[in-house]
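> A structural model of the following input is requested.
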Amino acid sequence: MAHSLDIEVDVNGEHIFIIDKRILASYSNRVSKLSTKLTGYTNLKFNDFPGGAESFEFITRFCYNNGSILITPSNIFLLHCGCTFMEIPILITQTELYLEGIHYLTWSEFVNGLKQCQTLFSTMNTHPSFQEFLNTLLANLSLPSSYPSSNSSSFRFASSDTTPKSSRSETLLDYWKFDDLTFLEIDFFDKLIKSMILLHFEHPRICSFIFHYQKSKFFLCSSRDQKCKLSEMTINLLSLLNGSSFSCRELLDAYGTSLSLSMKTSERLKLETFLGSRLDEFRIDDLLVRGKKKQAFDVDLTLRLIKNFVLERRIFGFFPHRAKKVGFLVDLFMIEVAVDPFLKPSKFIALGMALPDFSRESHDRIYHAIDLYLQVHYFHAILVISNI
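So this is what the prediction gives:
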């Protein structure tokens, strides 16, 4: 039977603790203020306790251990948020001093810190201190004296204590072990990447992290909605990075995923903007996307990609060798689609006129495409000849 001095504490509906009211109130100003209203055996409910039951358990350990607890990188964030919520001055002071004294973190400490932040994410996401926690983690990750050789699923940052934190992310590669971070939930991952961007981490490294996470997490998603959410987040994060940070192949894979999931047009158009600017890196097979309705291939997609390429080149300047690569690619595509009996003359003409004249050194291939088209579309011969 519960003692009359005990209180029953429901923490976020996750767990119920039965605690001696006097012990808790002797350290917590929050409980002390409430204790005057609490008589006998009482129920207390916290619906928004930061860090949930795990964080509250750390607080009870502190109180039941005569105001003492070992503060480590594995509990610092949960402790700090818990004691701030419970208004425990002595522990607030201790955790603040500990946070100020963090100058380097091992990889395992870094991962444990991220786990704590993820636990706090639902209740602390918009709180300024939460962003400070992330910045502390990202700015203080250090390399051990010996580190593993490079591989495709990790990257690293500078370890020297003399290196300014703002530039630590701009140095060597290959320390982050991406496979250790697949536990990150999608919303928290989004927050983490945006923090890395604000701290000026190298965009190519961030991009590698995003694609590795997307590929690893995709197979763990149990529903189409989760996969769409993951893919949308990937696209939106990529839009925050320098376009040269990611490879054309990675973008094409992401676009293929968006097609297979029948994602929103707005999300696909973002990827098409990226892809259009890299059209000179395409292979002909990359353009042979199945068409809608009866068309063999998606000509509208190719026209949009060409439009994006031309638009970007007008802004940043045309490079003849890149334009000629695209001209060669489009000619090959026209040869492929020319024999499609359902291809309208207007679409075929649009393909032939989409690029400036200097994009082709020779018109032999486009003449060949026209010849093929006329053989299949005999009744449209007059219209095609008069427009091309």
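> make it CA atoms for all contacts and neighbour counts henceforth
OK.
> from the chain's centre, how far out does stretch 80-93 sit?
32 Å (Cα atoms, centre = their mean, to the nearest Å).
> swap that for stretch 347-359, sorry
On Cα atoms, centre = their mean, the centre of stretch 347-359 falls 37 Å from that of its chain.
> Next: stretch 327-340.
36 Å.
> avg pLDDT for that stretch?
The average pLDDT within stretch 327-340 is 96.
> Restricting to C-alpha, output it in CSV.
Output of stretch 327-340 as CSV, limited to C-alpha atoms (Å, rounded to 0.1, in the frame of the first residue of the first chain):
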residue,chain,number,x,y,z
GLY,A,327,22.5,18.5,-78.6
PHE,A,328,24.0,15.0,-79.3
LEU,A,329,21.8,13.5,-76.6
VAL,A,330,18.6,15.1,-77.8
ASP,A,331,19.3,14.0,-81.4
LEU,A,332,19.6,10.4,-80.2
PHE,A,333,16.4,10.8,-78.2
MET,A,334,14.6,12.1,-81.3
ILE,A,335,15.7,9.0,-83.2
GLU,A,336,14.3,6.8,-80.4
VAL,A,337,10.9,8.5,-80.3
ALA,A,338,10.5,9.1,-84.0
VAL,A,339,9.1,5.7,-84.6
ASP,A,340,6.4,6.1,-81.9
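> What are the contacting residues of it?
280, 282-284, 287-288, 295-297, 343, 348, 351-352, 355, 359-360, 365-366, 368-370, 372-373, 376 (Cα atoms under 8 Å, 6 or more residues apart in numbering).
> And stretch 253-260, by the same measure?
228, 231, 268, 271, 272.
> could those be laid out in JSON lines, adding secondary structure and pLDDT?
Compiled in JSON lines, the contacts of stretch 253-260 are given as follows (DSSP: H, G, I helix; E, B strand; the rest coil; pLDDT from 0 to 100):
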{"residue": "228", "secondary structure": "helix", "pLDDT": "95"}
{"residue": "231", "secondary structure": "helix", "pLDDT": "95"}
{"residue": "268", "secondary structure": "helix", "pLDDT": "92"}
{"residue": "271", "secondary structure": "helix", "pLDDT": "93"}
{"residue": "272", "secondary structure": "helix", "pLDDT": "94"}
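> how near is residue 122 to residue 336?
Remark: distance between residue 122 and residue 336 (Cα to Cα, to the nearest Å) = 52 Å.
> what does stretch 231-240 contact?
Stretch 231-240 has contacts (Cα under 8 Å, 6+ apart) with 186, 190, 193-194, 207, 210-211, 214, 254, 257-258, 267, 270-271.
> Show me just the buried residues among these.
Among the contacts of stretch 231-240, those classed as buried by 16 or more other Cα atoms under 10 Å are 186, 190, 193, 207, 210, 211, 214, 254, 257, 258, 267, 271.
> between those residues, which is nearest residue 310?
Within those, the smallest distance to residue 310 is 16.0 Å, found for residue 271 (Cα to Cα).
> The closest one against residue 250, yeah?
No: using Cα atoms under 8 Å as the test, residue 271 is too far from residue 250 to be in contact (10.8 Å).
> quick one on the thing from earlier: just the buried members of the contacts of stretch 253-260?
228, 231, 268, 271, 272.
> ok, so of those, who is nearest residue 102?
Nearest to residue 102 among the buried ones among the contacts of stretch 253-260, with distances taken as Cα to Cα, is residue 231, at 35.1 Å.
> distance of that closest one from residue 364?
41 Å.
> one step back: which of the contacts of stretch 231-240 fall within helices?
Assigned to helices by DSSP state H, the following of those qualify: 186, 190, 193-194, 207, 210-211, 214, 254, 257-258, 267, 270-271.
> any chance of the contacts of stretch 253-260 in CSV, plus distance to residue 21?
Shown next, in CSV, are the contacts of stretch 253-260 (distance: Cα to Cα, whole Å):
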residue, distance to residue 21
228, 48
231, 49
268, 57
271, 57
272, 61
